[in-house]
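A.B. asks: Here's a sequence, model it:
(one chain, ligands or ions: 1)
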Amino acid sequence: MLSCKEANRLMSQELDRKLSWGENLGLKFHVSLCDSCANARQQMSFVRSACKHIFALDEKSDQ
Ligand SMILES: [Zn+2]
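C.D. replies: Predicted coordinates:
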């Protein structure tokens, strides 16, 4: 089982790259058992999609 710290790291990485099968499984498993990470994940993808929307014309300045 991943720690919350590892889960958070994967959550931010999954927005930038495709996670490996094992990473994805570990993250899904953790999130299904950990409410705080489930919430964090939701917020992260919300914030990310909001940012993408705002910067839709300038996606290359991602970093
Ligand atoms: Zn957690």
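A.B. asks: Show me which residues of the protein sit near the ion.
C.D. replies: Contact residues, the chain versus the ion (CB under 5 Å from the ion): C4, A7, C34, C37. To be clear about C-beta, it is placed using only N, CA and C from the backbone, and glycine gets the same treatment.
A.B. asks: ok, now with 8 Å
C.D. replies: Within reach of the ion by CB under 8 Å from the ion, the chain has these residues: L2, S3, C4, A7, N8, H30, V31, L33, C34, S36, C37, A40.
A.B. asks: ok, of the residues you listed, which come out buried?
C.D. replies: The neighbour-count criterion (16 or more other CB atoms under 10 Å) marks L2, A7, N8, H30, V31, C34, C37, A40 among the residues of the chain next to the ion as buried.
A.B. asks: Would you point out the most distant pair within the residues of the chain next to the ion?
C.D. replies: N8 and L33 (14.5 Å; CB to CB).
A.B. asks: which outside residues touch the longest helix seen in the chain?
C.D. replies: Counting by DSSP state H, the longest helix found in the chain is helix 35-54. Helix 35-54 has contacts (CB atoms under 8 Å, 6 or more residues apart in numbering) with C4, A7, N8, M11, S12, L15, H30, V31, S32, E59.
A.B. asks: quick one: what helix or strand has the spatially most central residue of the chain in it?
C.D. replies: Nearest to the mean C-alpha position of the chain, by CA atoms, centre = their mean, lies M11 at 2.6 Å. Per DSSP states H and E, M11 falls inside helix 4-14.
A.B. asks: So which elements touch whichever helix or strand comes after that helix?
C.D. replies: Using DSSP H and E, the next helix or strand after helix 4-14 towards the C-terminus is helix 21-33. With contacts taken as 3 or more CB pairs under 8 Å, 6 or more residues apart in numbering; DSSP states H and E, helix 21-33 sits against helix 4-14, helix 35-54.
A.B. asks: what angle sits between helix 21-33 and helix 4-14?
C.D. replies: On the basis of axes from the mean of the first three to the mean of the last three CA atoms, to 10 degrees, helix 21-33 is oriented at 120 degrees to helix 4-14.
A.B. asks: My understanding was that the residue nearest to the centre of the chain contacts H30; is that so?
C.D. replies: No: using CB atoms under 8 Å, M11 makes no contact with H30, being 9.4 Å away.
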